[in-house]
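In: attaching a predicted model along with its sequence, questions to come.
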Amino acid sequence: MPQNHYELVALIPAPPTAVYAVLADYRHGHAQIVPKQYIRQLAVESVVREQGP
């Protein structure tokens, strides 16, 4: 099965914890920001959590 790799960098005017909460919620959060037609199979390769200052 062919695989595609996509990356995006953007400044989001929200606290990091709020952004992470949406991205970490693969059941509901991703569905709100990425249309289902573009996600047939989602595989998370790694998760990095950084501590703030």
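Out: Perfect, I can see it now.
In: scan this protein for its longest helix.
Out: When the chain is parsed with DSSP state H, its longest helix is helix 16-24.
In: against which helices or strands is it packed?
Out: Helix 16-24 is packed against helix 29-33, with contacts defined by 3 or more C-beta pairs under 8 Å, 6 or more residues apart in numbering; DSSP states H and E. In this view, the C-beta of every residue, glycine as well, is placed from N, C-alpha and C.
In: where in this structure is pLDDT low?
Out: Residues of the chain that meet the criterion pLDDT under 70 lie in 1, 26-28, 30-31, 35-36, 38-53.
In: if we go to 50?
Out: Applying pLDDT under 50 to the predicted model, the chain contains no residue that meets it.
In: still on that earlier bit, return the longest helix of the chain as PDB; C-alpha atoms alone will do.
Out: Once side chains and other backbone atoms are set aside, the C-alpha atoms of helix 16-24 remain, and they are given as PDB (Å, rounded to 0.1, in the frame of the first residue of the first chain):
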ATOM      1  CA  PRO A  16       0.100  24.700  23.600                       C
ATOM      2  CA  THR A  17      -2.000  22.500  25.900                       C
ATOM      3  CA  ALA A  18      -5.100  23.400  23.900                       C
ATOM      4  CA  VAL A  19      -3.500  22.600  20.600                       C
ATOM      5  CA  TYR A  20      -2.100  19.400  21.900                       C
ATOM      6  CA  ALA A  21      -5.500  18.300  23.300                       C
ATOM      7  CA  VAL A  22      -7.000  18.600  19.800                       C
ATOM      8  CA  LEU A  23      -4.200  16.900  18.000                       C
ATOM      9  CA  ALA A  24      -4.000  14.100  20.700                       C
END
